[in-house]
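K.L.:
Build me a structure from this.
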Amino acid sequence: MEVNATRPNQAVPPVSVTLYYESLCPACRVFITQQLFPTWTMLQDIMAVTLVPYGNAKELPSPNSPFTCQHGEPECRGNLIEACIIHLTRHSSLQIIYCMESAADVLNAAKPCLQLYAPSVSWSSVDSCVNKGLGYRLMHANAVMTRALNPAHTHVPWVTFNGEYSEENEDKAMSSLFNLVCQLYKGVKPPACSGVPVRLDRSFC
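P.N.:
All right, here's what the predicted structure looks like:
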């Protein structure tokens, strides 16, 4: 899933931010709701976001339940629902995932969040994706992307910038993703980058 917008300078690529996460991981939920979404809201002209719901899940050789997840079966279903929503809604997906992850009940929030941010996409299309095989194919693709990480991920949230991971950038992202995106953007900084967002403590799953 990529979320992009018109950039001030089309010749300068946006900062590519890829988040590897789990739908019910508390630390992932904090990062999405307190760092990623607020930063994207202010800096969407200079950043492109890709969401990869999978994290510490594992693929199993079973056709009926091909995944096992760190936070149990509800998380597997949450990952599946979010993978389908990301696939079906594209540009609205970050808003929907933020809406879900900021809710008290992530899974039960899926339908109202979809209706709020992508009213043209029917819940039946999401349900069909989840239950008729496409969702598992999307999850397999996320598993392949996650396994291909170099260095391999050791926790989630795991964030790469322009396809690369470093502990230094991770530390900066967990305290102020906003400042890091402003720092990494190679073009003329947008006016918002002159602000000073709040720093937050970090946590992982």
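K.L.:
all strands in this protein, in order from the N-terminus.
P.N.:
Taking DSSP state E as the criterion, the chain carries its strands at 2-3, 15-21, 47-53, 58-59, 67-68, 158-161.
K.L.:
Please work out which helix or strand belonging to the chain has the smallest mean pLDDT.
P.N.:
Sorting the helices and strands of the chain by mean pLDDT, DSSP states H and E puts strand 2-3 at the bottom, at a mean of 50.
K.L.:
low pLDDT regions in this structure?
P.N.:
Within the chain, the segments meeting pLDDT under 70 span 1-10, 195-202.
K.L.:
which residues of it fall in helices?
P.N.:
With DSSP state H as the criterion, the chain has helices at 26-31, 37-43, 73-89, 93-101, 106-117, 123-131, 134-147, 167-184.
K.L.:
tell me what the last one is packed against?
P.N.:
This points to helix 167-184. strand 15-21, helix 37-43, strand 158-161 (3 or more CB pairs under 8 Å, 6 or more residues apart in numbering; DSSP states H and E). (C-beta placed from N, C-alpha, C; glycine too.)
K.L.:
Describe which strands the first one pairs with in its sheet and in which direction.
P.N.:
Sheet pairing for strand 15-21, assigned by DSSP bridges, gives strand 47-53 (parallel), strand 158-161 (antiparallel).
K.L.:
a markdown table please, covering the helices of the chain and showing mean neighbour count.
P.N.:
Formatted as a markdown table, the helices of the chain follow (neighbours: other CB atoms under 10 Å):
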| stretch | mean neighbour count |
| --- | --- |
| helix 26-31 | 20 |
| helix 37-43 | 19 |
| helix 73-89 | 22 |
| helix 93-101 | 24 |
| helix 106-117 | 18 |
| helix 123-131 | 16 |
| helix 134-147 | 17 |
| helix 167-184 | 18 |
